[in-house]
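Below is the sequence, then the predicted model.
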Amino acid sequence: MNALKRLQMILVICLVSIGIDQGTKWYASEYLPKFEMTSYWGDLLRIGYAENTGAFLGLGSGMSDSAKFWIFVCAVGFILSALLIYILRTKTQTAYGLSSLMIIFSGGISNFFDRAVNNGAVIDFLNVGIGSLRTGIFNVADMAIMLGVFLLLFAKDKKADSKDE
């Protein structure tokens, strides 16, 4: 894939994913009850505004502010930068693999942006489950990251494809 097509694909995937995530976070912050979940569909879905100062499912939320800065800003920023460089430079990924990585990147950068503008917190608002078996509270960027990881499990690189032939 040439550089222009790759850049177009990055822009489209990132703009759509980040736009949906940031739009839903804006809606959650403006219109959902703060720190209170409302139940839908027989309690299968709960929706309500929450702020997560930790990582996935609140991991690390009890750490010191300094540790959170180094991990959630510096380390995550470095990882996202390295992922973007890989996406831009790799020649071994198929379009499917690149799309998977871009979905992961877009979810990560949207949550990273959220931390920057919300004093280190990410806005979460969704929770699914049955009875006491429930997920943590999450957002659209988290869904994008999980979708990208799932899709990446089935991606082959070009070298593997050429060995199969």
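Ah, there it is.

Now the most centrally placed residue in the chain: closest residue in space that isn't a chain neighbour?
Geometric centre of the chain, nearest residue: residue 107, 2.6 Å, by CA atoms, centre = their mean. The shortest distance from residue 107 to any non-neighbouring residue, by CB to CB, 6 or more residues apart in numbering, is to residue 144 (3.4 Å). For every residue, glycine as well, the C-beta is placed using N, CA and C.

my guess is residue 22 meets residue 109, correct?
No: contact criterion CB atoms under 8 Å: residue 22 and residue 109 do not qualify, at 10.6 Å.

Can you list the residue ranges for helices in the protein?
3-31, 65-68, 76-89, 95-117, 140-153, 158-164 (DSSP state H).

Would you convert those into TSV that also reports mean pLDDT and distance to residue 37?
Shown next, in TSV, are those (pLDDT from 0 to 100; distance: least, CB to CB, whole Å):
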stretch	mean pLDDT	distance to residue 37
helix 3-31	94	12
helix 65-68	84	25
helix 76-89	94	27
helix 95-117	94	20
helix 140-153	95	16
helix 158-164	54	44
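
Highest mean neighbour count out of the ones you listed?
Most buried of the helices of the chain, by mean neighbour count (mean count of other CB atoms under 10 Å): helix 95-117, with a mean of 20.

Report the distance from that helix to the chain centre.
Relative to the centre of its chain, helix 95-117 is centred 5 Å away, using CA atoms, centre = their mean, to the nearest Å.

Also stretch 47-65?
Distance of stretch 47-65 from its chain centroid, counting by CA atoms, centre = their mean, is 14 Å.
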